[in-house]
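>>> need a 3D model of the sequence below.
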Amino acid sequence: MKDRHLVTKRLKEHIADKKKLPILIFPEGTCINNTSVMMFKKGSFEIGGTIHPVAIKYNPQFGDAFWNSSKYNMVSYLLRMMTSWAIVCDVWYMPPMTREEEEDAVQFANRVKSAIARQGGLTELPWDGGLKRAKVKDTFKEEQQKNYSKMIAGNGALNSFKSD
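Reported below is the predicted structural model:
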């Protein structure tokens with residue numbers, strides 16, 4: 001928590017100084033497999049200032065840049081990256097975005113995340129990178145099961161299973 005406050009203070013000081021260059025932040029806080037955009041951490045959206053979104057999508061044709069840290073250690077990943085023929089990616093520099101008056105930091109982060117996902121053709125995920133390494137809460141699973149049940153029932157798919 002102490003580090004979080006220090007980082008927030010340093011970021012606010014940085015954006016207040018107009019002579020300083022922008023800071024590149026990856027608000028997911030972790031890597032993902034190049035198919036999705038995970039939940040953004042809200043911290044960088046709380047400090048004010050203008051966000052300059054960048055969508056990045058890697059092309060695995062010559063080498064896969066995704067690092068599965070539970071499968072490969074850092075040395076083997078670096079070796080794979082340095083010996084790949086090329087690392088190719090599409091980069092989209094998107095129009096600047098600012099927080100709207102009625103938005104809180106989470107809503108602003110979600111709006112930026114949605115714009116990046118649309119631009120990169122990526123799926124939006126409502127959870128953070130912690131799910132890669134932690135057990136999914138039962139309440140979250142139950143909520144997803146209920147949503148799925150409603151979707152199936154709404155389509156009439158369950159009616160075909162009724163017996164006469």
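>>> CA atoms for contacts and neighbours, from now on please.
Fine.
>>> for the most centrally placed residue in the chain, report the pLDDT, please.
Residue closest to the average C-alpha location in the chain (CA atoms, centre = their mean): Met38, at 3.0 Å. On the pLDDT scale, Met38 is placed at 88.
>>> do Arg118 as well
For Arg118, pLDDT reads 95.
>>> and for Lys150?
Reported pLDDT for Lys150: 84.
>>> hey, where'd the strands end up in the chain?
36-37, 54-59, 88-93, 123-124 (DSSP state E).
>>> Ile51 contacts Met94, doesn't it?
No: with contact defined as CA atoms under 8 Å, Ile51 does not reach Met94; the gap is 9.7 Å.
>>> rewinding a little: what residues are up against the nearest residue to the residue nearest to the centre of the chain once chain neighbours are set aside?
With CA to CA, 6 or more residues apart in numbering as the criterion, Met38 has its nearest non-adjacent residue at 4.8 Å, and that residue is Leu125. By CA atoms under 8 Å, 6 or more residues apart in numbering, the contact list for Leu125 reads 36-39.
>>> and of these, the nearest to Ala153?
Ser36 (27.4 Å; CA to CA).
>>> quickly list what the closest one is bridged to.
Listed by DSSP bridges, the beta-bridge partners for Ser36 are Thr123.
>>> many thanks, we can stop here.
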